[in-house]
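Undergrad: Structure here, sequence nowhere to be found:
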């Protein structure tokens, strides 16, 4: 239930030639607190974009800070932020969510970053330093000049950080080596371009590290149906057929014809209204079912059929 | 009638159902201050003083979440009840003033040398709720700390450190269709800052809020004493308003339990409640009745309720 | 296949060795260590800290030692599911007294017992806590 906050751009600073740091604040409301690894969602004209917060959660002074690398022209999110947003502008920002939390139970945290993937770790390292926990950073970039937060990291965490500016082959070999010989209590965090994460992930499999100790930052795009389409439903047990109109949920339609499917949240998060799918394609919009479960089940409060579906009811 | 006002009557259907009946709360509040504040706080503190081992438990892992909860609850008390509480934070320096109890707590955030108790234990002495921290570990939810004065027949000492699933494995039918797994998954997906509320009910045969398993031999025997005549006096509907909150900073889950009691004599004043309560007791599956400790006197209770419904019909 | 560490008390050495052979056959790298008596928690914790990431610990010990090692393992960074209990009959069950919290050692879960500390008549249940390594005993009125 992230909700939108109306914030003001307080500061824009150059981090590198292609990366800018944006500071958002509000004079009216206290900003919700957040955890290391959290992100905010910016509501931009071209859609919603998620960025990791780089502040220290324990020293937040009613500000959210993000770092954005320009990877598009002004028609894309990053280009728009770089070219069209200025100090004093207002921007709509969803309250923070966190898909990449620190594991409190870890005895030692090891971060692997490449490029702009450094952002969640900037917040994590500041937090861990404040609470006195053990960590180390392995950070790959094309060079010192392109390396975001290089000075900041050198100043605050010099003994805990290793930079990798060498050629690709050598870089990969060294990063792999840094992954080896880890002991119990270590949690490993990866953030960077997919190719970078895949290489390290694969190597961690070779080292027989269980997946539960390896964490990746993955932004989950919000699934929202912009213009819902009507669809037909067959109930195979009760032998009923009906149509769900574009303005209706499947759950409502079932209730209307007297099928008492239990429900609670009506937001696709609690799993109460799940039903079995007999046949047909489904547009899943919940955040509850696993990918395997989605093959045979759907949550009727938010998900919709495509064309014609058959349900085990 | 004043006892009826604000009582969180739990039954929405005329039949017993067991489900994940959580609803999102807006605004997201984790606690409530009621007219019983002073009395209950006096009782809470007495219990903590006399039976600390029974009422407070914590694992070292919970300390950061404890601090976060302390700030959260002091903030919430002050912002929702500014006439009764004040909270100021300047950098790490914090001052909480409780005007209802004429007390204040001054401390430095995350500096254990500035407080005499653990943070959860301290803040728990200013709210009516029982407070539980469920640690969100990579292999599930674990009960890592709690200040629990008003349990309904369970033991904090026994369940500390336990997995969420194992804590609940005595609830009849909870393993059916992977129900408990679903609830755990639901909790583990609650977003930072969001509060979900559910109501859980049971019956106590006294007006005691503190009915821990540890003193069952003292309060449990009253279950044998219920008759059709004294049910109105002895029996109390006990409702726990339970709220789940994802701590934004530490990603653990705060579970608050606010317990309300309503004497049956008061409950039956409201005709719709009487009817609904009766239907639910009547349709309660035997194993649930056994689990909730109602089996011993269910017949007497139903007869008492039937008599009153009959009276109501004749009175009209 | 995960690295496996088996810790066993001398009295369960046979069972530990059997487990080791089975695990080896399924392709794991297995290490077996005999526990000193009495067990030194600090020493155990230190030893566990240096184990490779992904190590699974299997215990062949009595209840009290099991609890101690589990807690040491948690401090060393082992999670709940990284610690497994070997299938052995130790001759006793640990019953947690719900009235005074004393853990009683008993030969069976079937019969009711009297708590050695508070004298409460208890009925053992199947409600098991891995944290205490004990079953909850409910009061009988």
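TA: Now that the structure is in, tell me what you want to look at. Quick caveat: nothing in here was measured; it's all calculated off a predicted structure.

Undergrad: Could you name the helices and strands sitting against the biggest strand by length in chain C?
TA: For chain C, the longest strand by residue count, based on DSSP state E, is strand C:121-129. With contacts defined as 3 or more C-beta pairs under 8 Å, 6 or more residues apart in numbering or on different chains; DSSP states H and E, the secondary structure elements packing on strand C:121-129 are helix B:156-159, helix B:164-167, strand C:93-97, strand C:113-114, strand C:134-139. Any C-beta I mention is one placed from the backbone N, CA and C, and that applies to glycine too.

Undergrad: and after the host helix or strand of residue B:67, which helix or strand comes next?
TA: Taking DSSP states H and E as the definition, one finds residue B:67 inside helix B:63-80. Beyond helix B:63-80 on the C-terminal side, the first helix or strand identified by DSSP H and E is strand B:85-90.

Undergrad: Check what contacts that next one and list those residues.
TA: B:71, B:74-75, B:77-79, B:94-100, B:109, B:126 (C-beta atoms under 8 Å, 6 or more residues apart in numbering or on different chains).

Undergrad: and those residues, which are buried?
TA: Buried members of the contacts of strand B:85-90, counted by 16 or more other C-beta atoms under 10 Å in any protein chain shown: B:71, B:74-75, B:77-78, B:94, B:96-98, B:100, B:109, B:126.

Undergrad: of all those residues, which two lie farthest apart?
TA: B:100 and B:109 (23.4 Å; C-beta to C-beta).

Undergrad: Would you mind listing what in chain B touches chain C?
TA: Taking C-beta under 8 Å from any C-beta of the partner chain as the measure of proximity, chain B contacts chain C at B:53, B:137-140, B:142, B:155, B:157-163, B:166, B:169-170, B:213-217, B:220-221.

Undergrad: Restricted to helices, list those.
TA: With helices taken from DSSP state H, the overlap with the residues of chain B next to chain C comprises B:53, B:157-159, B:166, B:216-217.

Undergrad: before we move on, the earlier item: can you tell me which of the helices and strands packed on strand C:121-129 is nearest to chain A?
TA: Taking C-beta to the nearest C-beta as the criterion, chain A comes closest to helix B:164-167 out of those, the separation being 15.1 Å.

Undergrad: Which positions within the closest one qualify as buried?
TA: Applying a neighbour-count criterion of 16+ other C-beta under 10 Å, the buried positions in helix B:164-167 are B:164, B:166-167.

Undergrad: Check which helices and strands that helix sits against.
TA: Using 3+ C-beta pairs under 8 Å, 6+ apart as the contact criterion, the secondary-structure elements in contact with helix B:164-167 are strand B:140-147, helix B:179-188, strand C:121-129.

Undergrad: ok, so of the buried residues of helix B:164-167, who is nearest chain C?
TA: Where these are concerned, and distances follow C-beta to the nearest C-beta, chain C has its nearest neighbour in residue B:166, at 6.9 Å.

Undergrad: Could you find the closest non-adjacent residue to residue 157?
TA: Since no chain was named, I'll use chain A. The shortest distance from residue A:157 to any residue that is not its chain neighbour, by C-beta to C-beta, 6 or more residues apart in numbering or on different chains, is 5.5 Å, and that residue is residue A:125.

Undergrad: switch to chain B, that's the one I care about
TA: For residue B:157, ignoring the flanking residues on the chain, the nearest one in space by C-beta to C-beta, 6+ apart is residue C:101 at 5.0 Å.

Undergrad: which SS state does that neighbour fall under?
TA: Here residue C:101 is recorded as coil under DSSP: H, G, I helix; E, B strand; the rest coil.

Undergrad: how close does it sit to residue A:49?
TA: The gap separating residue C:101 from residue A:49 is 53 Å, by C-beta to C-beta, to the nearest Å.

Undergrad: Point me to the residue of chain C nearest chain B.
TA: Nearest residue of chain C to chain B: residue C:131, at 3.2 Å (C-beta to the nearest C-beta).

Undergrad: Do I have it right that that residue meets residue B:167?
TA: No. Using C-beta atoms under 8 Å, residue C:131 is not in contact with residue B:167, being 10.5 Å away.

Undergrad: All the helices of the chain, residue numbers only.
TA: I'll assume chain A. Counting by DSSP H, chain A has these helices, from start to end: A:77-84, A:119-131, A:150-156, A:168-179, A:194-206, A:250-256, A:293-296.

Undergrad: Please refer instead to chain C.
TA: Assigned by DSSP H, chain C shows helices spanning C:13-25, C:41-49, C:63-75.

Undergrad: Just list what the shortest one packs against, helices and strands only.
TA: In terms of contact count using 3+ C-beta pairs under 8 Å, 6+ apart, helix C:41-49 is assigned the packing partners helix C:63-75.

Undergrad: Please work out which residue of chain C is closest to chain A.
TA: Taking C-beta to the nearest C-beta, chain C has residue C:77 as its residue nearest chain A, at 2.1 Å.

Undergrad: if we can go back for a sec, and the helices and strands packed on strand C:121-129 as TSV, adding mean pLDDT?
TA: Formatted as TSV, the helices and strands packed on strand C:121-129 follow (pLDDT from 0 to 100):
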stretch	mean pLDDT
helix B:156-159	97
helix B:164-167	92
strand C:93-97	94
strand C:113-114	94
strand C:134-139	94
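
Undergrad: do you know which of the ones you listed lies nearest residue B:233?
TA: In terms of C-beta to C-beta, the element of these nearest to residue B:233 is strand C:134-139, at 25.4 Å.

Undergrad: For that closest one, enumerate the helices and strands it packs against.
TA: The criterion is 3+ C-beta pairs under 8 Å, 6+ apart, and the helices and strands that strand C:134-139 contacts are helix B:216-219, strand C:93-97, strand C:121-129.

Undergrad: among those, which is the most enclosed?
TA: Each of the helices and strands packed on strand C:134-139 was given a mean neighbour count from mean count of other C-beta atoms under 10 Å in any protein chain shown, and the largest, a mean of 23, is that of strand C:93-97.

Undergrad: Let me see the contact set for the residue of the stretch 1-150 of chain B found nearest chain C.
TA: When you check the stretch 1-150 of chain B against chain C by C-beta to the nearest C-beta, the closest residue turns out to be residue B:139, at 4.7 Å. Listed by C-beta under 8 Å, 6+ apart, the contact partners of residue B:139 are A:212, C:79-81.

Undergrad: same deal with residue B:197?
TA: Under the criterion of C-beta under 8 Å, 6+ apart, the neighbours of residue B:197 are B:22-25, B:241-244.

Undergrad: Secondary structure element holding it?
TA: Residue B:197 belongs to strand B:195-204 when elements are defined using DSSP H and E.

Undergrad: who does that strand pair up with?
TA: As defined by DSSP bridges, the strand partners of strand B:195-204 come to strand B:23-24 (antiparallel), strand B:236-246 (antiparallel).

Undergrad: between it and helix B:179-188, how many degrees?
TA: Between strand B:195-204 and helix B:179-188, the angle formed by their directions is 140 degrees, by axes from the mean of the first three to the mean of the last three C-alpha atoms, to 10 degrees.

Undergrad: Give me the phi and psi angles of the residue of the stretch 101-250 of chain A found nearest chain C.
TA: Across the stretch 101-250 of chain A, the shortest distance to chain C (C-beta to the nearest C-beta) belongs to residue A:185, at 2.1 Å. The phi and psi values for residue A:185, taken as degrees, to the nearest 10, are phi 100, psi -10.
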